[in-house]
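> Need coordinates for the below:
(chains A, B and C)
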Amino acid sequence: MSSKNKFWQRMNKHGMARLGLAILLILIALSLLAPFLTPYEPTEVDLYAVDQGPSWTHPLGTDNLGRDVLSRCLYGGRVSLSVGFAAVGVSLVVGILYGASSGFVGGWLDRILMGIVDGLLALPNILLVVAFYLFLEPGLASVVLVIGGTSWMQVARLVRTQFFSLKQQDFIQAARVLATPNLKIIIRHLLPNCFVSIMVISIINIGHAIITESTLSFLGLGIPQHEPSWGNMLMGGQMTLLNGSWWQTVFPGLFIVFTVLSINFLGDAIRDALDVRR
Amino acid sequence: MVLEVKNLQTHFFTPKGLVKAVDKVSFSLEPGKVLGLVGESGCGKSMTGLSLLGLVDPPGKIVAGEILLGGRNLLNLGESDLERIRGKEIAMIFQDPLSSLNPILTIGRQITETILSHTSMTKGQAWEQGITWLRRLGLPHPEKRMKYYPFQLSGGMRQRVMIATALALQPQVLIADEPTTALDLTIQAQIIEEIKLLQRENASAIIFITHDLGVVAELADQVAVMYAGSLVEYGEVEQIFDHPRHPYTQALLNSRMKLGEKKARFIPGLPPNLLNLPSNQCAFAPRCPKASQPCWKKKPSLIPVSTNQQAACHLLESQGRSKENAVVGA
Amino acid sequence: MVKYAFSRLLAVIPILFILSVLAFSLMHMAHGDPAVAMYGGNTEKMRESDRERIRENLGLNQPLPVQYFKWLSQAVQGNLGLSYLDGRPVTQIIRERIPATLLLSFTGVALMVILSLFFGVVSAVRQYSLFDHATTVISFLLFSIPSFWLALVLILLFSVQLGWLPSAGMYSLGKQGNWLDLLHHLILPALVLAVSHLGGYIRFLRSSMLEVLNQDYIKVARAKGIPKKIIIYIHVLYNALLPFVTYLGLSLPSFFAGTFVVEVVFSWPGMGQLAMDAARDRNYSLLMGSILFSGVLVVCYNLLADLICFLLDPRIRQREIEGHWRDIGVQ
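Numbering: from 1, shown residues only, chains lettered A, B, ... in the order given. Here you go, the predicted structure:
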């Protein structure tokens, strides 16, 4: 059996992976199909239906402006999910460039670059995110940039370590002897070898990005309240919490939990499947 | 007789199938004698040793047989009883002295913990014991060494620490699982000398597991040859070395190079995969130069072929004891 | 050991240096003119000359590197400038807030370590049992829950519905200094902090323990007839703790991030809340000081973790004492 077949066999055996994939796909589908699944607009204000608990007309209740929680959750999924994926994309680009340069060139450049990474990693992530955010205009793009811009360090470290160890190996020396241009060496030989570990880390990071976005929005620094995201819904939820309006807090949170959980299942299963192969 | 093993069977129940790691193995041990257990890697000799101590982990399980230590069947004992026996009446030395010692505890600690677990000595007394043993094994400055960590000692010293730990309570049976394989040749010789010395002093019975026939020749009184989980030949060491009857034993002895020879003779083929090994044929048949019809039909069992010698081969059944068939290939 | 601590301290200085540069550059590139922030309300009425005056006073007109070195030289002397908003020295404000953060984070870490030790050890020893599977599922779950949401849910349950525990602050009104009251307020935030980070640690400890359990020397210990309990705690756990402590040290920054968020949700008067408020108010000097300080705190915690490893692992001690590397085959 080819190794690729074995990989899928192991993945499929993994009940968690299937469950995770299923949940994730369902959630993505729900967000994409949002307009068809609910009669309400996420921004539709109905001052006659403020702070209502779950009912037949509003299955997940309404928030402090009478907006339907279910539709806000579904539309909010679009925001949170896209932020998650996009932010990881940004972190991959930055991280790979940074780590590749550092790992490939080595020497004092590497030491400085990695020193900066260590310094950045010493700071609590939230502080970095918040500080970064102050640079930028509030909004979706900024959130993506900020989250991506503070989570590239792990990727960079990984790539750099891989490059370092791969550089010594024979096939790289061979390429050098054949006078292969450096860029080609990087792209054709070094990067593909890092692919596996990068992929595992990226999947887990998507979950982290979603949580970070929700934290940021919760603190009032992320997506502005008009456009729903799971995080800013929770910010609103906190204000009415003491009145007992639990649905505004519990439901968006559950969406986050299930999304991140399914991503983690998936990521873990992939890591297992690839690990054993080695 | 200090130890008697009857029809020991240790099987591994893996998702891919059944592995009969130890398949109906029987032997006995007299006090003060050395039994050499030989065979290729993966033939089940280490697993036999572990089975004697009851250290078989899932998916493995001892499914049948008797292990009689001083008359008591060890397989009937519970875990806490076994814990009392391990280290005190049966002890084991393992192959790789570096990985066999806990890297973050001092060797003194590791030697004395055996003593303290099984006797009512005080810490100080146990420590003294440890020092005495290290001195006996020829370690210089034993008082200082007791406080050392494993990584501070050389391979030979580490193995001596293992021996000290094993013999500290003067067990009736010592199982040595390839104790010299991981060491340099010169150290090997020393260790073997020390084992011989201690064995004479303590009158422990030793089961010496190895794939090195030379060591067996030097050390053992009896030899048991294992192949694919079963015994194929068993008897006194001189008998077997001079007149090996089983084709596998003959091939093993043949494959030792003599001075002046240029080519190595090895046994063609590979050792069988123990997974789902067919039980209705002789396991050695695929590689046996003398294999004939009955060999593929039924698995041979051990029969006496001469005084103090048993072998499991269909070819010998027909010959019986009368004919002295000394076939030691060229 | 003193020599080791000292050498670790020296290694840490470059990181601190970089930290300070980062904190400084972040602040000076951010949006919003601190001069405007300082002026307070009615910024339309501010005249250009006022703005210039404030900028002059704050030294904002000089070239950046100069500003940096001035700031740095002050910082190492303990002067982190004045808070733009209320004019009080930043160092003093931070100092007031630190005890609360330390209390919360220490309690959180302690609670978390205890819980992860319990679950990690038991699930490793009873691998594949129901307990093990349940623990795995729970750790995954915990890993996926945002800490602030957990906080909100627990507040909902314990404060709003059951009324057992307070939902905000460190003390109830008028009960300042009352130990019991403090404990009462500490329970929820510490619990949230501990539980929300538990997932990763349990899994790590479990796999670390399993790795040790498979080592040869454990088999040897069993062959020596050492009682199972001793094997588990002294041989296995001790060895498994070493990578665990290292991992703890490495993930401390994220733990601190969690502390900050929990502080905000529970209105706990610590550095986290301070930093968040400072960010919102564009109070740059305060924010800069907070960032720098958090970094320093993390580095200190890391040092502590290193020292603990040093004490626990004789191999590290030996390496440092003899000043050269030994080849360790195992672990």
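> Of all residues in the stretch 151-300 of chain C, which one is closest to chain A?
Nearest residue of the stretch 151-300 of chain C to chain A, counting by C-beta to the nearest C-beta: residue C:257, 3.7 Å away. Backbone N, C-alpha and C define where each C-beta goes, glycine included.
> Hmm, that residue is touching residue A:130, no?
No - Residue C:257 is beyond contact range of residue A:130, at 10.0 Å (criterion: C-beta atoms under 8 Å).
> Tell me the buried residues in the helix or strand hosting residue B:186?
Element membership of residue B:186 [criterion: DSSP states H and E] is helix B:185-202. Neighbour counts over helix B:185-202 (16 or more other C-beta atoms under 10 Å in any protein chain shown) mark B:187-188, B:190-192, B:194-195, B:198-199, B:202 as buried.
> likewise stretch A:186-195?
A:186, A:189-191, A:193-194.
> okay if I get the residues you listed as TSV plus distance to residue B:47?
Shown next, in TSV, are the buried residues of stretch A:186-195 (distance: C-beta to C-beta, whole Å):
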residue	distance to residue B:47
A:186	49
A:189	44
A:190	44
A:191	45
A:193	39
A:194	41
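> pLDDT added to those, as TSV?
Converted to TSV, these look like this (pLDDT from 0 to 100):
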residue	pLDDT
A:186	71
A:189	72
A:190	73
A:191	75
A:193	75
A:194	78
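> returning to that earlier point: among the buried residues of helix B:185-202, which are within reach of chain A?
Filtering the buried residues of helix B:185-202 for proximity to chain A by C-beta under 8 Å from any C-beta of the partner chain leaves nothing.
> And those residues, which is closest to residue C:124?
Among the buried residues of helix B:185-202, residue B:191 lies closest to residue C:124 (C-beta to C-beta), at 35.2 Å.
> How about that closest one, nearest residue that isn't a chain neighbour?
Of all residues not flanking residue B:191 in the chain, residue B:180 sits nearest, at 5.4 Å (C-beta to C-beta, 6 or more residues apart in numbering or on different chains).
> Repeat that for residue A:124.
residue C:257 (3.7 Å).
> Sticking with that neighbour, tell me its helix or strand.
helix C:252-265.
> Contacts only, for residue C:184.
C:165-166, C:172 (C-beta atoms under 8 Å, 6 or more residues apart in numbering or on different chains).
> In contact with residue 154, which residues?
All of this refers to chain A. Contacts of residue A:154 by C-beta under 8 Å, 6+ apart are A:95, A:201, A:205.
> wrong one, chain C
By C-beta under 8 Å, 6+ apart, the neighbours of residue C:154 are C:188, C:191-192.
> Now tabulate these in JSON lines and tack on distance to residue B:94, secondary structure and pLDDT.
Below are those laid out as JSON lines (distance: C-beta to C-beta, whole Å; DSSP: H, G, I helix; E, B strand; the rest coil; pLDDT from 0 to 100):
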{"residue": "C:188", "distance to residue B:94": "51", "secondary structure": "helix", "pLDDT": "88"}
{"residue": "C:191", "distance to residue B:94": "46", "secondary structure": "helix", "pLDDT": "92"}
{"residue": "C:192", "distance to residue B:94": "48", "secondary structure": "helix", "pLDDT": "92"}
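> Name the nearest of the residues you listed relative to chain B.
Distances from chain B to the contacts of residue C:154, taken by C-beta to the nearest C-beta, are shortest for residue C:191, at 33.2 Å.
> From residue C:185, how far off is that closest one?
Going from residue C:191 to residue C:185 by C-beta to C-beta, to the nearest Å gives 12 Å.
> before we move on, the earlier item: in terms of distance to chain B, which of the buried residues of stretch A:186-195 ranks first?
Of those, the one sitting nearest to chain B (C-beta to the nearest C-beta) turns out to be residue A:193, at 30.1 Å.
> quick check, residue B:283 in a helix?
No - Residue B:283: not assigned to a helix; according to DSSP: H, G, I helix; E, B strand; the rest coil it is coil.
> Quick check: closest non-adjacent residue to it.
residue B:228 (3.8 Å).
> Would you mind confirming that the one you found is in contact with residue B:282?
No - in this structure, residue B:228 is not within contact of residue B:282 by C-beta under 8 Å, at 9.4 Å.
> just checking, next helix/strand downstream of the helix or strand that contains residue B:305?
Taking DSSP H and E as the definition, residue B:305 sits inside strand B:303-306. Helices and strands here follow DSSP H and E; after strand B:303-306, the next one along the chain is strand B:309-311.
> what pLDDT, on average, does that following strand get?
Strand B:309-311 shows an average pLDDT of 87 in the prediction.
> Give me the neighbour count for residue A:132.
18 (other C-beta atoms under 10 Å in any protein chain shown).
> Which helix or strand contains it?
helix A:125-133.
> same deal with residue B:61?
strand B:60-69.
> Check whether the helix or strand following that strand comes near chain C.
Next helix or strand after strand B:60-69 toward the C-terminus (DSSP H and E): strand B:72-73. No - using C-beta under 8 Å from any C-beta, strand B:72-73 never reaches chain C; the gap is at least 15.5 Å.
> Tell me the buried residues in the helix or strand that strand B:72-73 is followed by?
With elements assigned by DSSP H and E, the helix or strand that comes after strand B:72-73 is helix B:79-85. By neighbour count on 16+ other C-beta under 10 Å, the buried set for helix B:79-85 is B:82-83, B:85.
> Please apply the same query to stretch C:171-187.
C:181-182, C:184-187.
> and the residues you listed as TSV, adding secondary structure?
Converted to TSV, these look like this (three-state DSSP):
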residue	secondary structure
C:181	helix
C:182	helix
C:184	helix
C:185	helix
C:186	helix
C:187	helix
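> Quickly name whichever of those is closest to chain B.
residue C:186 (35.4 Å).
> Tell me if I'm right that that closest one and residue C:104 touch.
Yes - using C-beta under 8 Å, residue C:186 is in contact with residue C:104, at 7.1 Å.
> where do the contact lists of the two overlap?
Counting by C-beta under 8 Å, 6+ apart, nothing touches both residue C:186 and residue C:104.
> Just the terminal-to-terminal distance for stretch B:274-291.
20 Å (C-alpha to C-alpha, to the nearest Å).
> and stretch C:194-213, how far from the chain's centre?
Distance of stretch C:194-213 from its chain centroid, counting by C-alpha atoms, centre = their mean, to the nearest Å, is 19 Å.
> one step back: of all pairs in the buried residues of stretch C:171-187, which one is the farthest apart?
C:181 and C:187 (11.3 Å).
> Contacting chain A as well, which ones from the buried residues of helix B:79-85?
Near chain A, by the rule C-beta under 8 Å from any C-beta, you find none of these.
> Rebuild the residues you listed as TSV, extending it with pLDDT.
As requested, these are exported to TSV (pLDDT from 0 to 100):
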residue	pLDDT
B:82	87
B:83	88
B:85	88
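> Many thanks, we can stop here.
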